[in-house]
Structures are given as C-alpha cells and as structure tokens.
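[1] I need the structure of the sequence given here:
(chains A and B)
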Amino acid sequence: MKKMLLILIFMACISTAFAADPEPTAVSNKEAIELVQTHANYLWTLVAAALVFFMQAGFAMVEAGFTRAKNAINIMMKNLMDFSLGSLAYWAVGFGLMFGVTTTGWFGTSGFFLSDFTPGGDPWVLAFWMFQVVFAATAATIVSGAMAERTKFSGYLIYSVIISALVYPIFGSWAWGSLFNGKGWLEGLGFIDFAGSTVVHSVGGWSALAGAIVLGPRIGKYGKDGKIKPILGHNITLAALGVFILWLGWFGFNPGSTTTADKSIAMIFVNTNLAAAAGCTIAMFVSWIKFGKPEVGMSLNGALAGLVAITAGCANVTPSSSIIIGAIAGVLVVFSVLFFDKIKIDDPVGAISVHGVCGAWGTLAAGIFNMEGATLAIVGVQALGIVSCFLWTFPTTFLLFKLISKTIGLRVSPEEELEGLDHAEHGGMAYPDFVQQ
Amino acid sequence: MKKIEAIIKPFKIDDVKDAINELGVKGMTVTEVKGYGRQRGHKEIYRGVEYETNFIPKIKIETVVDASMVEAVIEAIKKSAFTGTVGDGKIFVLTVESATRIRTGEKDKDAL
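    This next block holds a predicted model:
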C-alpha cells in the first residue's frame, strides 16, 4: 500500500514536470541540434584521420613489395620515421607555418607547438591537427619509395624532418591556410585542390623526383650498354596488399577532407572509388596491349594513379567525370613510368609518375571537369597552382638533397648497397631464413 | 650402390615420388633448385620492361639404390616426369662408395 502511494506521488511529479515544459521545436532545440552536428564532425574527421593514418601501412607494403628483400627493414624504418619524426616536426613547426595567422599569404606565423589549444578551450584544433598531420606524413612518405634501396638512413631522416616542417606546410599554406587561421595567396585566386592532388601528392612526387635525380640509379638498374635491367621486387603479394590498403585509406583521405559529417561525403566517396577503378582497369589494358600480358605492377600503379588524380576534384566533379579523370591517369602512369626509366631516373615504385605526374593531371582536371562549368580563368589558376608547386618543391628539395649529399652523405657506399641496407644500415635481416640476392 | 640424381619440373614431384615408391625405393632427398639447360630461359615482364629469366625453378631428387635397381628407377622417373615439352629435365647416375645409417651403424646395402 505504502509502495503504491509512493509510485503515485512519483508519477504525479513527473507529469507536472512535463506539463511545465513547452513542446520542443527545432528552434528551441537549436543548440542541442548543433551540438549533435559538431560531435558528428569530430567523429567523422577523426575516423577519417585514422583511415589516412593506415595509408602509412599501405605505402610501407607497396614499397617493400616492389623492392628487394635485403632492403625490407630499411623501408619499414623509413616509413616508421616519416610518421614518427614527421608528427613531431609538424607539431613543432609545420602546422603553424601551414595554418597560422598570416599577413603575406605565403606562410603562417602562429600556432607552433600546437599553442592554439589551451586546456579547457575548444578542442577542434586537436581534431583538425590530427587530420592534418596524417596528410603531412603522406607527403613525406611518398618520397621513400623513389629513393629506395640506396639512400643513407641518416640523410633520409634529415630530409623527412624538413619536408614535414617546411616544404609541405609552406606550400600547403598557399592552398589550404584558410581552413584554419591562415589565408593563402593561391586559394585567394580560387585554386581548387580539395584533398591535395597538388598540396600532398605533387609535393611528394616532385620531392621524389629531386631525390631520385640527386641519388642516381641503383647499381644494376642499367647495363653497361645503357639497357634497362629490371630489379625485381621481392613480394608482389605485399605490394598488392599495400595498394588495397591505400585504396581503403583514400576513403578517409578524400571524403574526410570535408571535416564535416554531411551528405556531401557520399559523392566524394563514389568519385574516389570510380577514379581508382577506371585508373586500374585502363592501366591494365594499356599494359596488356603494350607488353602482351596484363602486367601487375602497372595495374597496381594504375589504381593509385586514379586515386591521386581524383583527389583534387573529388568534391566538384561528377561521378562520370571521375571515370574519365581516373582513366586518363591510368594511361599517363604507364607511359610516365616507362619515360622515367628511359631517361635513367630510377624510381623503384613509380612514385614520381603516380604522385607527381598524376597529381598535376588531377589538379588540372579539377578545373576542366568542374561541375559548375569550366572557364579559362579557372583552368588557368589550376595550371598556376601546378607550376607554383613544382617551382617551390623541386628546387627546394633538390638543394636540400644536394646539401645532405655534400655534408653527411645521401647515398650508401656501393659495398653497402650490394650487401643490402638491412645489414649495412640496421644490422639486421628481414628474412633470416632465406638466401638473399 | 648407385646414386640417382634427377632434375625435374617442380609440378611432377608427386608423380615421380609415387612411381619410385612403387619400386620399393625407401627414401629420397628433394631440393628446390634453379638452373637452365637447352631450354635456356623464358621472357617475363616487370613494370613494363622485358627480361629473361635464365635460371628456372626445378626440383632435384637424390636417391641411392642398389645397382640392380638402377634401370628400373631411371625408367620410372622417365615415365612419370615426362611431358614431352622442352625442360622436362635430366637423370644422372653416380657410383656411391659407401653408406652408413647413423642410428644403427648399419653399412651399405643394409643402410639404404
């Protein structure tokens, strides 16, 4: 009886409490609704950041697979350090240069050491930083593949810090600064590079070109008569796994660049996938026609070429345009790989072709295939962005590699190279149970 | 006692093993090897560049048998490793001086 009475009193209290509240409306709940959206943005941005982080694994596998077993530890160490050292460099210097307050439009000057975050303050800067640091690391790690199997580890570390602290962020500030506190000159002109065909991939690709030129080809890549002698990768299965991982990571790279959980990510997702599929398919057919067999290395590069190419325009072109953009990248990448081989620039994984050349193509295509119409002015600004990226990145990194080469050395000795960097540089073996070539 | 060494196509190893086993041969040693004979090599493509692989993967079988069995074993290997295309392999016969079973110390014929 007493219990019943208590329940009745309790229910009465609840009903009066409800009666006191007015009917909730979208207007009265505005704050709560906005909070849900904010939380969704955080969640999406950080999930995407995790996907992009996983691309490091993809790069590591692609590079290891396309190179010899005696250098596998070295490849792992370079990829590991690109992210680890790169994160610290980007925290200390890079992020401030890229997204700090600027008066000139050429680089930021605030926000170093993540000083934009104060305990208790708005944590958005942390989510944003996390998303940006995985991008910086992607640019850095592209270069590792092109310089594989002959680069001195200490020299590589210096390069890795410089690209994450200076080279990548300064160009990034021109195109993306206004995503946070900055305001770049290039984005002011209307430059379209949604997720970084130029900002990330061409910066990595042109740095790779500089590195491969300064280093020179691997011993044995060219015969005495100058004929190309392929140096076979030791594990095509790993290389293919790497490409699949990168493809997955790109679903964070492109759609995540909204840093907003809204409906626009669906089209970006589809565009990303279609361009990769078209790039891969076309590269396979081109290799089939050209070499008589559907070659795996070119097909894998073709998928990456499509992904790199759609990165700039993934938010402002239609799905059918994405297929064209990816397909053209698939043709470009095959001929580009053959071209660089021919002019004796030794790039074991095709990084220059995939990221440099197809990054440039994708940036141009973002203007040409613009959904809201392409004008000469739009395409012109795209071209300006491509050229300014090359003019900033290539000379800077070329000079950097030359400087490293003249001081602590950029290339290992011929003996060390023949023996393998795993033994010479890291005192270990990735596969101790096997005889190595 | 004779040692029979046969270089065969890798995918023929099971057929050859079964054929020799039927003759009562009690053991063999198998090694993965690479090499070339009259077949030379074949052309392959890596990232758009054609190259020749001279050393083709093969399997080498080694077995030591009593001299009286040699012809039968050769015949069995010949039949079971045959495809009729270039690169089927070769069979070599060598004289063996002695054999010892490590566990029991048995010698020669008893050790096989």
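[2] Could I get the buried residue list for the host helix or strand of A:Gly155?
    Here A:Gly155 sits within helix A:153-162, counting by DSSP states H and E. Buried positions in helix A:153-162, judged by neighbour count with 16 or more other CB atoms under 10 Å in any protein chain shown: A:155-162. Bear in mind the C-beta positions are built from the backbone N, C-alpha and C, glycine included.
[3] closest to chain B among the residues you listed?
    Nearest to chain B among those: A:Tyr156, at 23.1 Å, using CB to the nearest CB.
[4] That closest one - nearest residue in space that isn't next to it in sequence?
    Spatial nearest neighbour of A:Tyr156, excluding adjacent residues (CB to CB, 6 or more residues apart in numbering or on different chains): A:Lys78 at 5.8 Å.
[5] give the contact list for the one you found.
    Neighbouring residues of A:Lys78 by CB atoms under 8 Å, 6 or more residues apart in numbering or on different chains: A:141, A:144, A:151, A:153, A:156, A:160.
[6] Need the single longest strand in chain B, by residues.
    Longest strand of chain B, by residue count under DSSP state E: strand B:56-65.
[7] How about that one and chain A, any contact?
    No. Residues of strand B:56-65 are not located near chain A by CB under 8 Å from any CB of the partner chain, the shortest gap being 13.6 Å.
[8] mind listing what's buried in the next helix or strand after that strand?
    With elements assigned by DSSP H and E, the helix or strand that comes after strand B:56-65 is helix B:70-80. Buried residues in helix B:70-80, defined by neighbour count with 16+ other CB under 10 Å: B:73-74, B:76-77, B:80.
[9] Of the residues you listed, just say which sits nearest to A:Glu415.
    B:Ile77 (44.4 Å; CB to CB).
[10] Just give the nearest non-adjacent residue to the closest one, would you?
    Closest to B:Ile77 by CB to CB, 6+ apart is B:Ala6, at 5.0 Å.
[11] Neighbours of that neighbour, how many?
    25 (other CB atoms under 10 Å in any protein chain shown).
[12] of all the contacts of A:Lys78, which two lie farthest apart?
    A:Thr141 and A:Phe153 (14.7 Å).
[13] tell me the contacts of A:Tyr222?
    Going by CB under 8 Å, 6+ apart, A:Tyr222 touches A:228-229, A:344.
[14] Save those residues as JSON lines, and put in distance to chain B too.
    Below are the contacts of A:Tyr222 laid out as JSON lines (distance: CB to the nearest CB, whole Å):
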{"residue": "A:Ile228", "distance to chain B": "5"}
{"residue": "A:Lys229", "distance to chain B": "7"}
{"residue": "A:Lys344", "distance to chain B": "13"}
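[15] out of these, who has the most neighbours?
    Tallying neighbours with other CB under 10 Å puts A:Ile228 at the head of the contacts of A:Tyr222, with 19 neighbours.
[16] and that residue, what are its bridge partners?
    A:Tyr222 (DSSP bridges).
[17] Go ahead and confirm it touches A:Lys221.
    Yes. Counting by CB atoms under 8 Å, A:Ile228 does reach A:Lys221; the two are 7.1 Å apart.
[18] roughly how far apart are the residue found closest to A:Ala72 once you drop the neighbours it is linked to in the chain and B:Ile91?
    Counting by CB to CB, 6+ apart, A:Ala72 lies nearest to A:Ala430, which is 3.6 Å off, once chain neighbours are set aside. To B:Ile91, A:Ala430 is 38 Å away according to CB to CB, to the nearest Å.
[19] Comparing these two, which residue is more hemmed in?
    A:Ala430 (19 against 16).
[20] isn't that one right up against A:His423?
    No. Applying CB under 8 Å, one finds A:Ala430 not in contact with A:His423, separated by 10.1 Å.
[21] Now the common contact residues for those two.
    Joint contacts of A:Ala430 and A:His423 (CB under 8 Å, 6+ apart) are A:Lys70.
[22] what kind of secondary structure is the residue nearest to A:Met298 when sequence neighbours are not counted in?
    Closest residue to A:Met298 apart from its sequence neighbours, by CB to CB, 6+ apart: A:Ser287 at 4.1 Å. Secondary structure for A:Ser287, judged by DSSP: H, G, I helix; E, B strand; the rest coil, is helix.
[23] from memory A:Ser287 sits against A:Thr281, does it?
    No. If you go by CB under 8 Å, A:Ser287 and A:Thr281 don't touch, sitting 11.1 Å apart.
[24] Compare neighbour counts for those two and give me the winner.
    Legend: neighbour count by other CB under 10 Å for A:Ser287 and A:Thr281, higher for A:Ser287 (25 against 18).
[25] Enumerate the residues of chain A near chain B.
    By CB under 8 Å from any CB, the residues of chain A that approach chain B are A:228-230, A:232-233, A:287, A:290-293, A:295, A:297-298, A:301, A:334, A:337-338, A:341, A:350.
[26] List buried residues within those residues.
    A:228, A:230, A:233, A:287, A:291, A:295, A:297-298, A:301, A:334, A:337-338, A:341, A:350.
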